[in-house]
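Asker: sharing a model prediction with you, sequence too.
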Amino acid sequence: MDSRNLVVPLQQTREEAKQKAFVPAEGRNRRVLQDIGNLVNDRVSLQGKKPITEVVDPAAAGNVRAPAAATKVPAAAIKKVNEKHRTEDVIVISSEETEKRKPVSRRVSRKEVKTLTSILTARSKAACGKPEDTLEDIDAADVNNELAVVDYVDDMYEFYKLTEVDSRVHAYLQFQPDINAKMRSILVDWLIEVHRKFELMPETLYLTINIVDRFLAVKVVPRRELQLVGISSMLVACKYEEIWAPEVNDFVCISDNAYVRKQVLAMEKAILGKLEWYLTVPTPYVFLVRYIKASIPSDKVTENLAFFLSELGLMQYQIVVKYGPSKIAASAVYAARCTLDRSPFWTETLKHHTGYTEDMLRDCAKLLVQFHSAAAGSKLKAVYKKFLSEDRGAVALLTPARSLSPESP
């Protein structure tokens, strides 16, 4: 038999086998469009079987019988058919697989740790639209100082601003028949001398004056016991602030034995009872420390002058009852900068940390400058002499701020 007669039927048989093998396969994979859940169930039931994307060898298909004379199809031909008739991969996503898919967390490279002050400063600048160079990070140098608590210092002072209202002194002399503003000034002037004599911490002086005013606001005191209230208040403040507090007999001696030990202890008990042991209060000293630090450049002259002006203010009843501790401290710093002719008088950094604008402080600062002008000629010279010393920079001798004089607008 001629060999050419065998070639043609064999080629026709191969083409028929290809068509019969692939056309029914498309029909087997088709489904009626029903509920989506049916498709999911169908796909799940097919797990463990051959995927539909696998190409079936035409000669091995159950419904196709290869002719007896046909030979095995070469692998190259099958590969060519696979590439021509490759079906798209079907991806079935079930509800369980969707729940398991979670975003992959990527490790972020460790960046430089920022302080809370720098973060709040950046937020403030973004909110106010201020240029980045207008605010200074006053805590940058104290990042490694654990005692500076730079991560919490802003939150602490925000809390101080909120709680200063609770411990603020309001007008009380109208309820005191035997005491007036002048007597109070004399008492405070004497307490400043006692404080300096005992070489106590500055916090003790400010807390003492706060205790005196708060006690006089809730208790009527005779004139003869006013000094007793003063030394008993300082005794309480010393026990709260000092490491080595003076003894009761020391205060008896410093008052020239005007009172006995029993009277001092009885008054101490009365003060603590009336104040309900509420001694953790934000005094002007607490705010002064922070605001002086925000006054850039912060030097000893600015610090001493701000303390000088604030203590002059504490001697005056009208200052204590009219302005809160934070405002007295901010006004003292503002008046000190004006006295030293620091330009500008009030910076964005000070405004950010104090919460006060220049206009809000001008009235109180003018009163402090007025007291500065009259300090040299006043009969009550305890504060003036204290800041005449060299260790205080003799800031009491500085010329009062002309921009805040009574004649200035």
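Answerer: Sure thing, it's come through.
Asker: backbone phi and psi for Ser298, please?
Answerer: Geometry field for Ser298 lists phi and psi as phi -100, psi 110, criterion degrees, to the nearest 10.
Asker: which non-adjacent residue is nearest Ser233?
Answerer: What sits nearest to Ser233 in space, not counting adjacent residues and going by Cβ to Cβ, 6 or more residues apart in numbering, is Ile211, at 4.0 Å. C-beta here means a position set from N, CA and C on the backbone, and glycine is covered the same way.
Asker: roughly how far apart are that neighbour and Leu309?
Answerer: Ile211 is 22 Å from Leu309, where distance means Cβ to Cβ, to the nearest Å.
Asker: so for these two, which sits in the more crowded spot?
Answerer: The neighbour comparison of Ile211 against Leu309 (other Cβ atoms under 10 Å) goes to Leu309, with 32 against 27.
Asker: what's the helix or strand for that one?
Answerer: helix 300-314 (DSSP states H and E).
Asker: Pro284: neighbouring residues, count only.
Answerer: Neighbour count for Pro284, taken as other Cβ under 10 Å: 29.
Asker: what about the stretch 101-250 of the chain, any weak spots by pLDDT?
Answerer: Across the stretch 101-250 of the chain, the ranges flagged by pLDDT under 70 are 101-118, 120-122, 124-133.
Asker: now do the helices in it.
Answerer: According to DSSP state H, counting those that start in this stretch, the stretch 101-250 of the chain carries its helices in the segments 116-128, 153-163, 181-198, 202-216, 226-241, 248-254.
Asker: alpha carbons only: can I get the fourth one in PDB?
Answerer: Meaning helix 202-216. Taking C-alpha atoms only, helix 202-216 is exported to PDB below (Å, rounded to 0.1, in the frame of the first residue of the first chain):
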ATOM      1  CA  PRO A 202      12.200  80.000  96.800                       C
ATOM      2  CA  GLU A 203       9.300  77.600  96.500                       C
ATOM      3  CA  THR A 204       8.800  77.900 100.300                       C
ATOM      4  CA  LEU A 205       8.300  81.600 100.100                       C
ATOM      5  CA  TYR A 206       5.700  81.500  97.400                       C
ATOM      6  CA  LEU A 207       3.800  78.700  99.100                       C
ATOM      7  CA  THR A 208       3.900  80.500 102.400                       C
ATOM      8  CA  ILE A 209       2.200  83.600 100.900                       C
ATOM      9  CA  ASN A 210      -0.400  81.400  99.200                       C
ATOM     10  CA  ILE A 211      -1.200  79.700 102.500                       C
ATOM     11  CA  VAL A 212      -1.600  83.000 104.300                       C
ATOM     12  CA  ASP A 213      -3.900  84.400 101.800                       C
ATOM     13  CA  ARG A 214      -6.100  81.300 101.500                       C
ATOM     14  CA  PHE A 215      -6.400  81.000 105.200                       C
ATOM     15  CA  LEU A 216      -7.300  84.700 105.600                       C
END
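Asker: run through who's touching it.
Answerer: Applying Cβ atoms under 8 Å, 6 or more residues apart in numbering, the external contacts of helix 202-216 come out as 167, 169, 172, 176, 179, 184, 187-188, 191-192, 195, 221, 229-230, 233-234, 236-238, 240-242, 271, 274-275, 279, 281, 283-285, 307, 311, 314, 320.
Asker: hmm, which of the residues you listed are the buried ones?
Answerer: For the contacts of helix 202-216, a burial check counting by 16 or more other Cβ atoms under 10 Å picks out 167, 169, 172, 176, 179, 184, 187-188, 191-192, 195, 221, 229-230, 233-234, 236-238, 241, 271, 274-275, 279, 281, 283-285, 307, 311, 314, 320.
Asker: hmm, Gly324 is touching His170, no?
Answerer: No. No contact is recorded between Gly324 and His170 when judged using Cβ atoms under 8 Å, the distance being 10.6 Å.
Asker: quick check: what element follows the helix holding Leu309 along the chain?
Answerer: Trace forward from helix 300-314 with DSSP H and E and the next one is helix 317-322.
Asker: sweet, I'm off.
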